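Trainee: here is my input; please provide its structure:
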Amino acid sequence: MRTILYILQKEFIQVFRDKTMMPIIFIIPIVQLIVLSYTATFEIKNVNLFIVDQDMSSASREVAATFKGSPFFTIVDYSASYDVAEEAVLNNLADQVLQIPNGFEKGITVDRNATMQLTTNAINGSAASLMNAYALNIIKGYNSNIIVKQLGLRYPPDPIKVSAAYWYNPELDYFTFMVPGILVLLVTVISAFLSAMNIVKEKEMGTIEQINVTPIKKYQFILGKLIPFWFIALTELAFGLVLAKLIFDIPMVGSIGLIFFVAGVYLLVALGLGLLISTLTNTQQQSMFLTFFFMIIFILMSGLFTPVQSMPEWAQTMNQANPIAYFIDVMRMILLKGSGFQDITRQFFSLLILAVLLNTLAVWRYRKVV
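Mentor: Take a look at the predicted model:
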């Protein structure tokens, strides 16, 4: 035990001696948490709409006014030529084109049948789907108003009353969904990168040979390298949770103690992965590239940005070995749902198995010649 304490003392001295290390560990992740929470969003809040009005009637102007009154749409221009609107889309000046054909008002008042054409730039498929849903909802509301006027009803016919209740995120706030996941991501990246470069730094400085000829056992050396960053990552998680509450007002329904309990096991996974990588590489550059390779795969498959359920079956099977996916689930379940330990047993024991496996491999891979 005394040997491990000496190694810990050495590691903490090295961390706090480096003046550039403290901003990297604490300030940069906090800045990233704030910036990414505002920018990493799939919400569409401003759709540039080009209106092609070929009818030039009061009805067509009423349709345009309906879209103009929506907080999601900005009317970039009007024209009677569809070619002009198409050119605006090609030049990325417009996202959608609403074409109101000649005879639109006559179709509404006389024929009781009118058409409009909605064209959407679908390079970004998910964004196009949202923009299309917004526009169709506005057109549906306009259509209901026409029915009210023509039939002389106070309310449109609605035989089935539907009321929606949104659990766990009743305001449909995107911050509530994203911030816990982004916090997991930042803690993971910091802990994995720091631990991955730790042993490699000893190799590059030449001090690894001095450690190898000491009576320090392999498990003592690995624990001495792992524990400081484990404490640092938990501190960073605590600071991030405080900011998430103060800045984004993230609900914290469940037990904070349970979060830190699971986080303690999860960080053993992240740190164990970094330490294993550091035993496989000889330079910090190699270590960073290999860590970056695994982090990109884990992050994109974690469910942070896209649902895991929408992935192919083979990808969901591969995701069983993705620790980030497990901890993001745990963070969202505890913070937003108030889940207890019995609800997260699958994620917890999966993380525990990964922690034992990775750290055992790290101890085994560390070559020490005494």
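
Trainee: can you list the domains in this protein?
Mentor: 2-40+170-365, 47-151 (automatic domain parsing).

Trainee: so which of those domains is the most packed in?
Mentor: Highest mean neighbour count of these: domain 2-40+170-365, a mean of 17 (counted as mean count of other CB atoms under 10 Å). In this view, the C-beta of every residue, glycine as well, is placed from N, C-alpha and C.

Trainee: quick one: end-to-end length of that one, please.
Mentor: 24 Å (CA to CA, to the nearest Å).

Trainee: for stretch 332-348, same thing?
Mentor: First-to-last residue span, stretch 332-348, CA to CA: 14 Å.

Trainee: next one: stretch 91-111
Mentor: 37 Å.

Trainee: next, work out how far apart A233 and I216 are.
Mentor: A233 sits 24 Å away from I216, going by CB to CB, to the nearest Å.

Trainee: quick one: the strands in the protein, in order.
Mentor: Assigned by DSSP state E, the chain shows strands spanning 47-53, 73-79, 96-100, 117-120.

Trainee: show me what the second one is packed up against.
Mentor: Other elements packing on strand 73-79 under the criterion 3 or more CB pairs under 8 Å, 6 or more residues apart in numbering; DSSP states H and E are strand 47-53, helix 58-68, helix 82-90, helix 125-151.

Trainee: swap the cut-off to 7 Å and go again
Mentor: For strand 73-79, the elements it packs on are strand 47-53, helix 58-68, helix 82-90, judged by 3 or more CB pairs under 7 Å, 6 or more residues apart in numbering; DSSP states H and E.

Trainee: next one: the shortest one
Mentor: Other helices and strands packing on strand 117-120, by 3+ CB pairs under 7 Å, 6+ apart, are strand 96-100, helix 125-151.

Trainee: pLDDT averaged over it, what's the number?
Mentor: Mean pLDDT, strand 117-120: 91.

Trainee: name the surrounding residues that touch that strand.
Mentor: Residues outside strand 117-120 that contact it (CB atoms under 7 Å, 6 or more residues apart in numbering) are Q96, V97, L98, Q99, A128, M131, N132, A135.

Trainee: for stretch 112-127, output the C-alpha coordinates as PDB.
Mentor: In PDB, the C-alpha atoms belonging to stretch 112-127 read as follows (Å, rounded to 0.1, in the frame of the first residue of the first chain):
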ATOM      1  CA  ARG A 112     -63.600  23.000 -53.400                       C
ATOM      2  CA  ASN A 113     -60.300  21.500 -54.500                       C
ATOM      3  CA  ALA A 114     -56.900  23.300 -54.600                       C
ATOM      4  CA  THR A 115     -53.300  22.100 -54.700                       C
ATOM      5  CA  MET A 116     -50.000  23.500 -53.700                       C
ATOM      6  CA  GLN A 117     -46.500  22.200 -54.300                       C
ATOM      7  CA  LEU A 118     -43.900  22.000 -51.500                       C
ATOM      8  CA  THR A 119     -40.300  21.400 -52.600                       C
ATOM      9  CA  THR A 120     -37.600  20.600 -49.900                       C
ATOM     10  CA  ASN A 121     -33.800  20.500 -50.200                       C
ATOM     11  CA  ALA A 122     -33.200  17.000 -48.900                       C
ATOM     12  CA  ILE A 123     -29.400  16.800 -48.900                       C
ATOM     13  CA  ASN A 124     -29.700  16.500 -45.200                       C
ATOM     14  CA  GLY A 125     -32.400  13.800 -44.900                       C
ATOM     15  CA  SER A 126     -33.200  14.300 -41.200                       C
ATOM     16  CA  ALA A 127     -33.400  18.100 -41.500                       C
END
